[in-house]
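[1] Build me a structure from this.
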Amino acid sequence: MPHLTSTRAGAATTGVRTAVGVPGYAHPLLAPAQWAELTRPGTPLHWVALNVAGGPGSRPDPHCLEAAGRLRNAGVRVLGHLDATYGARPHADLITDAHRYHDWYRVDGFLLDRCPSERTALPEVRRTVAALRSAGDDPHIVLGHGTHPYPGYAENADQLVTFAGPWSDYRWSQVAEWTADYPPDRFCHFVHSVPRGHLDEALRIARWQGAATIYVTDRTDRGGRVDPWETMPGYWDDIVSRIGTGVSE
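    Presented below is the predicted three-dimensional model:
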């Protein structure tokens, strides 16, 4: 099977805790129960991304302030969602949004979504990351490539999202060889359209490919018309129980 590669087998047994990274649910006013569920004791979370209105919005949002506060009080890292639009977003706009996230919501870091992945874009992303690190107190930086980027990106962030897409692609995916030089806690995988019957397999692939932060959902993107990440999976309790007890090899 393509995902069962010997180069990553060791990474699956390093003892790094697999947990969930939430790419960003719908606004807390629209999905209050889902945000509340994230603060349930024992929920295995690495971080949750906050997307107020395609960014931090134009002013502090009371519903998002409350949701972010509850998560942080529960010990959950909250990241501000920034859309890099594959390098098209002006540097100054990204940094302005980052400061708003930090000043208004006291975020613990940033998810730079739709981050470029090619070698030529690396210097500008490096510049952006350096500015983001000055926007908070040791912020956690996640680069949301959604695919394996040029290896140099791994030296410029705390984590990389090296897969974001449907189960139909993920189940046959292959991990880039250079990722074997890094521990699993450096990588995130986001997989949508995963049938309940394939949940264990999806979690197992993530472990074998060396991704310690995952998000798996049965929600679909309906051909690119909706965001599959903004609604909690129908089998959320199953994910929590499986990750909490470990996934069998």
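[2] Please, where are all the helices along this structure?
    For the chain, applying DSSP state H gives helices covering 6-9, 32-37, 62-73, 91-105, 122-133, 167-170, 199-208, 236-245.
[3] buried sites along the fourth one?
    Okay, so that is helix 91-105. Applying a neighbour-count criterion of 16 or more other Cβ atoms under 10 Å, one finds L94, I95, D97, A98, H99, R100, Y101, H102, W104, Y105 buried in helix 91-105. From N, CA and C alone the C-beta is placed, and that goes for glycine too.
[4] Let's have those residues in TSV, adding pLDDT and distance to N51.
    TSV is the format used below for the buried residues of helix 91-105 (pLDDT from 0 to 100; distance: Cβ to Cβ, whole Å):
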residue	pLDDT	distance to N51
L94	97	14
I95	97	17
D97	97	11
A98	97	13
H99	97	16
R100	97	13
Y101	98	10
H102	97	15
W104	97	13
Y105	97	11
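[5] Turn those into a markdown table, including distance to V142.
    What follows is those, written out as a markdown table (distance: Cβ to Cβ, whole Å):
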| residue | distance to V142 |
| --- | --- |
| L94 | 14 |
| I95 | 17 |
| D97 | 15 |
| A98 | 13 |
| H99 | 18 |
| R100 | 18 |
| Y101 | 13 |
| H102 | 15 |
| W104 | 20 |
| Y105 | 16 |
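[6] and which of those residues is nearest R70?
    Of all these, Y105 has the smallest distance to R70: 11.9 Å, by Cβ to Cβ.
[7] Could you measure from the closest one over to D185?
    24 Å (Cβ to Cβ, to the nearest Å).
[8] what does D138 give?
    16 Å.
[9] So between the two, which is more surrounded?
    D185 (19 against 9; other Cβ atoms under 10 Å).
[10] isn't the more buried one right up against T213?
    Yes - with contact defined as Cβ atoms under 8 Å, D185 counts as touching T213 (7.3 Å).
[11] quick one: common contacting residues for these two?
    Q159 (Cβ atoms under 8 Å, 6 or more residues apart in numbering).
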